[in-house]
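Asker: here are the coordinates; sequence isn't available:
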Ligand SMILES: Nc1nc2c(ncn2[C@@H]2O[C@H](COP(=O)(O)OP(=O)(O)OP(=O)(O)O)[C@@H](O)[C@H]2O)c(=O)[nH]1
Ligand SMILES: [Mg+2]
C-alpha cells in the first residue's frame, strides 16, 4: 500500500463550502466504485485516536509525529492504494460541535470505522449513544469498531467494550467487527501501532 495524500482542513469552512448535499451531487458512489475507489468514513469521539490511525496507515510517518496528533478541527483525508482498490479515508473531527455533521457523510461511504478510546471509561456511554445514532441512520452499512488505547492500564477489555457499546444488540444482518488496537501514545509504546494489520485486512474484505 502507498499513501497518496493527507490533507487537513478547517471543518467549519469545509462544511460551509461543501455541504454534504452539494457533495452528493458531484460525488456519485457508484462512479467512484467503477473507478476502483472505496470510501471509508472514520468517526469517534474527540481524542479517540482517529488521526493516529490514519497516520499509522501512512507509510513513513514517524511514531513521534503520531504522538503529536492535534485535535482535528475539520477533517482529514487520506488515500491508500491497495492491490485491488484505492481506499479513501475521511475523518471528521470528534468534537461536540462537529458530531452533528457526522451522519451527513454516511450515505457516501462503503464502511464506517468507529474509533473508541478504551480507557475513557466515563465517556463510553456517550460513545455508545453516538455510535447507535449512526447505526440507525444507515442500517446496512458495514462497521468496524476499533477499541483503541489498549496499552493504557485503565483500558477496558474487548469483551467489556462489546458490552459497554451494546454491540450485542446490533442486528445480525449487519457486518460488524470489533478490533483491539493501540495506535500511538506519548510513552514508550508509541513505536507500536498494533492492530493495524488486522484492521487493514478486515477493511479490504468489507469494501
Ligand atoms: N496511549 C495511547 N495514546 C493514544 C493512542 N492512540 C492515540 N493516542 C493519543 O491520543 C491523543 C488523541 O489522538 P488523536 O488521533 O488526535 O484523536 P482523534 O480521534 O483524531 O481526535 P479528534 O481529532 O479531536 O476528534 C493523541 O495524543 C494520541 O497520541 C493509543 O493507542 N494509546
Ligand atoms: Mg483527529
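Answerer: Received it, and whenever you're ready, just let me know what you need. Bear in mind that the values here come from a model prediction, so they are computed numbers and not experimental data. Residues are numbered from 1 along each chain as shown. Ligands and ions are numbered 1, 2, ... in the order given.
Asker: and the protein, which of its residues are near ligand 2?
Answerer: If contacts are counted using C-beta under 5 Å from the ion, the residues of the chain sitting beside ligand 2 are 50, 51, 72. (Each C-beta comes from the backbone N, C-alpha and C, glycine too.)
Asker: what's across from the spatially most central residue of the chain in the sheet?
Answerer: The geometric centre of the chain, computed from its C-alpha atoms, lies nearest to residue 42 (C-alpha atoms, centre = their mean), at 2.4 Å. When bridges are called by DSSP bridges, residue 42 pairs up with residue 91, residue 113.
Asker: re the thing from before, got the residues of the chain next to ligand 2 as CSV, with secondary structure and pLDDT columns?
Answerer: As requested, the residues of the chain next to ligand 2 are arranged in CSV below (DSSP: H, G, I helix; E, B strand; the rest coil; pLDDT from 0 to 100):
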residue, secondary structure, pLDDT
50, helix, 95
51, helix, 93
72, coil, 94
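Asker: next SSE after the helix ranked longest in the chain?
Answerer: The helix spanning the most residues in the chain, taking DSSP state H as the definition, is helix 124-137. Heading C-terminal from helix 124-137, the first helix or strand you meet, by DSSP states H and E, is strand 143-148.
Asker: what residues sit buried inside stretch 122-129?
Answerer: 124, 127, 128 (16 or more other C-beta atoms under 10 Å).
Asker: same deal with stretch 196-207?
Answerer: By neighbour count, with 16+ other C-beta under 10 Å as the criterion, the buried positions of stretch 196-207 are 196, 199, 202, 203, 204, 206, 207.
Asker: in helices, which of those residues fall?
Answerer: For those, the ones inside helices are 196, 199, 202, 203, 204, 206, with DSSP H as the criterion.
Asker: would you turn those into CSV with pLDDT and distance to ligand 1?
Answerer: Shown next, in CSV, are these (pLDDT from 0 to 100; distance: C-beta to the nearest ligand atom, whole Å):
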residue, pLDDT, distance to ligand 1
196, 78, 11
199, 86, 12
202, 90, 18
203, 91, 17
204, 89, 22
206, 90, 21
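Asker: so residue 137 makes contact with residue 104?
Answerer: No. The pair residue 137 and residue 104 fails to qualify as a contact (C-beta atoms under 8 Å) at a distance of 9.4 Å.
Asker: out of those two, name the residue with the larger neighbour count.
Answerer: For residue 137 and residue 104, the more surrounded residue by other C-beta atoms under 10 Å is residue 104, and the numbers stand at 16 against 13.
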